[in-house]
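Student: predicted model, plus sequence, below.
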Amino acid sequence: MAKVAREMVEKTGIDVDELVEMLVKNAAAELTTFYYYTILRANLIGLEGEGIKEIAEAARIEDRNHFEALVPRIYELGGKLPDDMREFHDISACPPARLPDDISDVRAILKVLVEAERCAVRGYSEICNLTAGKDHRTYALALAILNEEIEHESWFSEFLGEGPSGHFMRRGETSPFVRPFMPSV
């Protein structure tokens, strides 16, 4: 644990244990979303599904990257991940992004994808609101993830015909906002 990092955040008045809990729950959401998006992506088949598969894959990989970027901050602040994967799954900040009953319904899969992204946008907005002007490192990390989650939501909502977003699929680059926080890059 980075003792001074935790101490400095505590001095701002943030309940660090509450913040760590939020970070762990969002990390759980990212890892479980990575898993469920793997299943969703595999079921995006046919003429409609194939056009969405690449975007679902980009969001899936970026969610894994978000998990990887969150873990160091959790431990820096004195937190830890649960020892049991089932427990970790069950504390996720977002509900599981499970396949719809009709796995051939591409529109239903898109609704699952967009709702997962909307949950993530809400979660990272809360972390940004809590840490703004107080915990600069966590704020910067949460804001970076928030930027990518907003793009994911935009990609899927456009396929649902909810209107143009102005966002375009990135080519050849994943996690441009989160990359500076990833320990393996």
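Tutor: Arrived safely. Because the structure is a prediction, the values reported are computed rather than measured. Residues are numbered from 1 along each chain as shown.
Student: so how far is stretch 11-26 off the chain centroid?
Tutor: 17 Å (Cα atoms, centre = their mean, to the nearest Å).
Student: meant to ask about stretch 7-17
Tutor: On Cα atoms, centre = their mean, the centre of stretch 7-17 falls 24 Å from that of its chain.
Student: need the distance between the two termini of it.
Tutor: 12 Å (Cα to Cα, to the nearest Å).
Student: list the buried residues of it.
Tutor: Buried residues in stretch 7-17, counted by 16 or more other Cβ atoms under 10 Å: 9, 14, 16. (Each C-beta comes from the backbone N, C-alpha and C, glycine too.)
Student: mind checking which of these are in helices?
Tutor: Counting by DSSP state H, these place 9, 16 in helices.
Student: using a markdown table, lay out the buried residues of stretch 7-17 together with pLDDT and distance to Glu30.
Tutor: Formatted as a markdown table, the buried residues of stretch 7-17 follow (pLDDT from 0 to 100; distance: Cβ to Cβ, whole Å):
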| residue | pLDDT | distance to Glu30 |
| --- | --- | --- |
| Val9 | 96 | 21 |
| Ile14 | 98 | 21 |
| Val16 | 97 | 21 |
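Student: report the rounded mean pLDDT for the longest helix belonging to the chain.
Tutor: Ranked by number of residues, the top helix in the chain under DSSP H is helix 46-76. The pLDDT scores in helix 46-76 average 94.
Student: other SSEs contacting that helix?
Tutor: If contacts are counted by 3 or more Cβ pairs under 8 Å, 6 or more residues apart in numbering; DSSP states H and E, helix 46-76 sits against helix 16-42, helix 106-131, helix 136-159.
Student: in it, which residues are buried?
Tutor: 49, 52, 55-56, 58-60, 62-71, 73-74, 76.
Student: and it, how far out from the chain middle?
Tutor: On the basis of Cα atoms, centre = their mean, helix 46-76 sits 7 Å off its chain's mean C-alpha point.
Student: relative to helix 16-42, how tilted is it?
Tutor: Orientation of helix 46-76 against helix 16-42 (axes from the mean of the first three to the mean of the last three Cα atoms, to 10 degrees) gives an angle of 160 degrees.
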